[in-house]
Structures are given as C-alpha cells and as structure tokens.
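**Q** return atomic coordinates for the entry below.
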Amino acid sequence: MALVTTFATTPLVSFLYPPEYQKKLEAWKRGEIDWDGNPLHRDDRSSTSMEREKLQITNISKVTVLLRLENLPSIFSFVDLLGGKTVPTLKVHKMKEIQGGTVPEEGESASGSAKAVPEFAKSPPAKRVEVHGERLVGLTQRTSAVMQVSEVNELQDRDPVVNVFKTFGFFHNIAVSAGLSIAPEDSFAEVITNKASTQSSDLLLIPWSETGAVTESEDPTQYTSENRFMSQQHNQFISNVLSSSTCSTAIMINRGFGYNVERGLTRTSSFRSIRSRKTTDVANVINPISDPSHHIFFPFFGGSDDRVALRFVLQLATNINVTATIVQVIYSTEAAADPHLQLPPVVARRDLPRNLSHSQVPTLNTVESASASTTSLVAADADSTFFQSLQDSLPREIQNRVLFETVKTPQPLQYTVSKARLEVGLSPKNAGDLVVLGRGLRDIRPHIRSELVRVLDSLGAPSGAGVETRKCLGDIAEAIIVSNVKASVLVFQAGGKVLKKEHATRIRQEVKTELE
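**A** As a prediction, this is how the structure comes out:
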C-alpha cells in the first residue's frame with residue numbers, strides 16, 4: 001500500500017490540478033486575470049493595489065497589552081483610540097411613544113426605524129478591535145505564593161486591575177478580555193509573548209515602567225523614577241520581549257498620555273502653614289479634559305519597522321480626535337543644511353540617568369558603515385514607493401487630519417528633534433500628544449549613529465539614556481527621549497505575518513531588479 005500510494009500521488013495531483021489550472025491560479029493571485037480568465041488592464045491592477053493598501057491601514061485588529069497599575073491611565077487612553085464609540089440616540093419614554101403612535105420594534109433606535117434606511121446607504125460595519133490585557137504577578141519561594149498559583153482563576157476574578165480593565169472596555173464599546181499570570185520575574189517575557197501568540201494578536205503593547213521595576217514593588221523606596229531607564233532587570237525584560245515576540249511589538253514611554261502631566265506651582269510647607277492648615281484637608285479637584293484631541297508626529301526613515309508604524313498611525317488617524325504629521329526624512333549629503341535648526345536647551349529631568357560613565361557613549365561600527373552603501377539605494381527606493389503609495393491612497397475621511405511631507409537633509413536626527421518640538425506639546429490642555437517611531441535596529445544607519453553622538457553631546461547628556469536602553473529602543477527614540485520633547489513615545493518593531501509579507505515583497509523586488 002505504501003508503494004502504491006507513493007507512485008499514485010503525482011499522477012492523481014496532476015489529474016485533479018492540471019498545469020493549466022495551476023498557472024491560472026498563480027495569475028489570479030498576482031492580479032493579472034480575473035477568476036473567469038479575462039486579463040485585467042494595468043489600471044485595474046493599480047486600483048486593486050490601491051484598495052489593498054487602504055485595507056492595510058486597519059490591519060491591526062487584535063492587541064495584547066501588559067497591564068500594570070502605574071500605567072493604567074495611559075493604557076486606557078491608548079486603547080480608547082483603537083475602539084469605536086457609538087453615537088447615543090435620543091431616548092423617549094415608552095408611554096410617550098405609544099401616545100405618539102410610534103412604537104419601535106426591538107433592536108431599533110428611538111430616532112427611527114432601521115427599515116427606513118435603504119440598503120445601499122448603509123456603510124459596511126468597521127472591523128472591531130479586540131484587546132486582551134494580561135497582568136503579571138511575580139512568583140516567590142514563599143509557600144503562600146506557591147498556593148496562589150493553584151488558585152489563579154479565583155485570584156483573577158478578584159484582581160482589581162483585571163476587573164477595572166474589563167469595566168473600562170465595557171463602558172467604552174471595546175471588545176476586551178483580561179487575565180492574570182503568576183510566574184517568576186525572569187519568565188515574564190516568555191509569558192507575555194506566549195499570551196500574545198495564543199491570542200493570535202497583531203500587536204503586543206508593553207508600557208515602559210515608571211520606576212524601573214518589572215512588577216509593582218512592595219517597597220516604594222527600592223525603585224524610583226530615577227531608575228526608570230537604568231534598571232538592568234527591566235531593560236533585560238524589554239530586550240527579551242522584543243527578541244521573542246512573534247507579532248509586531250510596541251514599547252510605550254509615557255509622558256502624560258491621556259492626562260495632564262504638567263503640574264502647576266507647588267507650595268512648600270512651613271511651620272506657619274502647618275499650623276494654619278485645616279483639620280480636614282480639602283482634596284484637589286481634577287477637572288475633566290476639555291480638549292480630548294491627540295496629535296501624532298511620525299518621522300518615516302524607512303525599513304520594516306517604520307512601514308508597520310506608518311500603517312498604524314493611519315489607523316489611529318481614523319479616530320476623529322487624532323491628527324497626524326507624517327514626514328519622510330531622507331538623508332542626503334547633497335542637500336543644504338538648515339541654519340535655523342536648533343536643539344532644545346539642556347533640561348534636568350529626574351527620570352533620566354545622570355553622571356553616566358563614558359562607556360555609555362554611542363560608538364560607531366566601521367564594518368556596518370562600509371556595508372551600508374550597498375543596500376541603502378535599493379531600500380530607499382522601496383521605502384519612497386511605499387510612502388508615496390500610502391499618501392496617494394489616503395482615505396477621504398481622514399485627509400483633513402493627516403499631513404504628509406518629504407524632507408531631504410544632511411542632519412536627519414537633528415531635524416527630527418527640532419521638528420518634534422514644533423509639532424507636539426503645543427496644546428497643554430489636550431489629552432496628550434504622541435511621537436511614533438520605528439525601532440530601526442534591523443536597518444544599518446551609520447549616519448544616524450554618528451549624528452546621535454553629536455546630538456547627545458549638544459543636549460548635555462553625551463551618554464544618553466544608557467547603552468541598554470539604546471539597544472531596546474534604538475537611536476532615534478533615545479534622541480527624542482533625552483531632548484525633553486513633551487509627548488509620549490511609541491516605538492514599533494515589525495513582526496509576525498507583517499514582517500513575513502515585508503520579506504516576501506523585498507524578495508520579489510530584488511528578483512525583478514535582477515531580471516531587468
């Protein structure tokens with residue numbers, strides 16, 4: 001039977017799927033013909049590709065986010081941008097409707113019957129975004145901690161962070177799920193990436209710790225904001241997540257996203273003020289945000305990480321409260337330097353490391369510098385084509401909220417820092433701005449690294465945020481963080497099916513170039 005099956009497989013496959021059918025299927029997948037075999041014109045193929053690019057804008061539909069108590073405000077604000085909000089209808093008392101002679105059937109809105117809307121006028125329902133939140137709790141050697149593992153389901157139902165996240169999704173029309181995992185701290189990266197893979201997520205969102213701790217520390221004096229970027233355990237956790245994640249990953253460094261981080265003048269306590277203080281202190285009232293808008297600045301340098309980030313920025317721009325400035329930054333030694341570019345003044349920040357050793361200063365790799373010129377031209381052409389295709393196929397409903405620009409400069413990093421300060425942080429009463437960046441460590445950019453050395457030295461922090469943080473976030477993100485830009489930073493790394501598609505497209509382009 002084994003021999004008969006072996007020798008009969010090829011004739012049977014050829015009979016069921018003849019070569020003509022296989023050629024027709026390949027041509028149909030390439031968009032050269034329709035299913036009936038009729039050839040498509042070039043204009044039809046270009047319009048089809050445009051529609052595909054439009055669909056790629058909303059390609060992220062499943063998100064896994066790490067839940068941390070200290071990061072909940074920024075997580076809620078970010079997730080809220082992904083979900084759709086229903087427009088409330090005017091409610092009428094049931095007895096009033098009976099007296100008026102209009103009794104809507106179950107499932108119909110109070111403003112009118114659903115049958116009154118013609119079928120052709122109904123817009124297709126938008127694809128909902130599903131968000132899964134996962135909270136990680138450290139496992140110690142204590143007996144009580146071991147017992148908690150066996151009762152994880154019961155703890156998950158009683159965990160306040162998990163329940164608050166579920167309630168948030170319920171009231172904001174977002175499909176959410178939440179879970180709790182108990183594991184050793186050195187296994188946190190493996191646990192959260194496995195959860196994202198199990199959920200078939202398109203994006204894994206990891207908020208950067210506010211104190212440098214991997215978990216909520218019981219001792220508040222052990223971790224402070226000064227250790228935010230210098231915690232070896234947290235930097236190792238981020239590196240492990242980025243190296244083992246099977247989907248696209250985003251690292252969010254929060255600086256007041258979703259709430260006003262800037263505080264007013266503070267008053268120091270004195271003996272007289274203590275005596276005059278009332279018996280019951282009056283709580284400070286926090287007014288609601290009057291301007292719920294967000295502005296996004298995204299410098300596009302090219303590469304797989306930037307392409308994924310660009311699609312996601314356009315997805316966020318479908319929210320009516322979001323505007324975006326997207327600038328393609330092209331490095332060109334022939335372009336004239338802008339004499340008006342000025343780096344921000346040196347500002348001391350508590351969350352940035354101080355007095356680092358010179359071993360933390362960025363260093364250049366001569367091997368990478370020599371091999372960069374062989375691939376830069378081909379990659380630049382592909383990135384420019386991709387950028388132009390998304391700009392040309394921008395959906396009409398977001399054209400007034402998105403601005404595309406292209407700049408050629410011999411100072412790309414300095415331009416990015418200066419441009420970011422002109423774009424974000426200008427509306428102190430809004431819900432917080434965002435700088436989106438590609439991690440870019442897969443792409444060889446020696447000119448960025450050489451300019452980073454000069455920019456950090458001009459900012460008064462030649463060591464930047466440290467070598468480990470630089471490895472996690474990339475050169476461009478470090479420059480933005482150290483330059484005190486008043487906005488949160490979102491660093492993207494491509495992965496999963498998106499990265500596979502990028503590699504397949506690049507291979508086809510290289511083969512096409514060799515044939516030509």
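
**Q** buried ones in stretch 163-183?
**A** By neighbour count on 16 or more other Cβ atoms under 10 Å, the buried set for stretch 163-183 is 164-165, 168-169, 172, 174, 176, 178-182. All C-beta spots, glycine's among them, are computed from the backbone N, C-alpha and C.

**Q** these in strands, which ones?
**A** In strands, defined here by DSSP state E, the members of those are 176, 178-182.

**Q** residues in contact with whichever strand or helix holds Val63?
**A** Using DSSP states H and E, Val63 sits within strand 62-67. With contact meaning Cβ atoms under 8 Å, 6 or more residues apart in numbering, strand 62-67 is reached by 75, 79, 82, 129-136, 161-162, 165, 178, 192, 195-196, 199-207.

**Q** buried subset of those residues, written for ChimeraX?
**A** Applying 16+ other Cβ under 10 Å to the contacts of strand 62-67, the buried members can be selected in ChimeraX as follows:
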select :75,79,82,129,130,131,132,133,134,135,136,161,162,165,178,192,195,196,199,201,202,203,204,205,206,207
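
**Q** any regions of the stretch 201-350 of the chain where pLDDT drops low?
**A** Along the stretch 201-350 of the chain, the model assigns pLDDT under 70 to residues 217-224, 259-283, 346-350.

**Q** how close does Gly464 get to Val489?
**A** 14 Å (Cβ to Cβ, to the nearest Å).

**Q** could you do Val131 as well?
**A** 21 Å.

**Q** domain-wise, how is this protein divided?
**A** If you go by automatic domain parsing, the domain ranges for the chain are 55-84+127-254, 290-516.

**Q** buried sites along stretch 242-259?
**A** Neighbour counts over stretch 242-259 (16+ other Cβ under 10 Å) mark 242, 245-258 as buried.

**Q** just those: which are in helices?
**A** The helices, defined by DSSP state H, take in Leu242 from the buried residues of stretch 242-259.

**Q** so which of the buried residues of stretch 242-259 is the closest to Leu434?
**A** Taking Cβ to Cβ as the measure, Leu434 lies nearest Phe257 of the buried residues of stretch 242-259, at 6.4 Å.

**Q** Val489 is in contact with the closest one, correct?
**A** No - counting by Cβ atoms under 8 Å, Phe257 stays clear of Val489, with 9.5 Å between them.

**Q** which element is Thr9 on?
**A** helix 2-16.

**Q** tell me how many other residues surround the residue nearest to Asp443 when sequence neighbours are not counted.
**A** Sequence neighbours aside, Gly303 is the residue nearest to Asp443 in space, at 4.1 Å (criterion: Cβ to Cβ, 6 or more residues apart in numbering). When counting by other Cβ atoms under 10 Å, one arrives at 22 neighbours for Gly303.

**Q** so where do the strands sit in the protein?
**A** Using DSSP E, strands in the chain cover 62-67, 130-138, 175-183, 203-207, 248-253, 294-300, 322-331, 402-409, 434-438, 488-493.

**Q** adding distance to Val92, write these out as a markdown table.
**A** Formatted as a markdown table, the strands of the chain follow (distance: least, Cβ to Cβ, whole Å):
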| stretch | distance to Val92 |
| --- | --- |
| strand 62-67 | 37 |
| strand 130-138 | 33 |
| strand 175-183 | 29 |
| strand 203-207 | 41 |
| strand 248-253 | 43 |
| strand 294-300 | 35 |
| strand 322-331 | 34 |
| strand 402-409 | 39 |
| strand 434-438 | 40 |
| strand 488-493 | 43 |
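
**Q** for Gly83, give me its contacts.
**A** By Cβ under 8 Å, 6+ apart, the residues touching Gly83 are 128-129, 131, 169, 172-175.

**Q** can you give me the distance of Glu154 to Val137?
**A** Taking Cβ to Cβ as the criterion, Glu154 is separated from Val137 by 13 Å.
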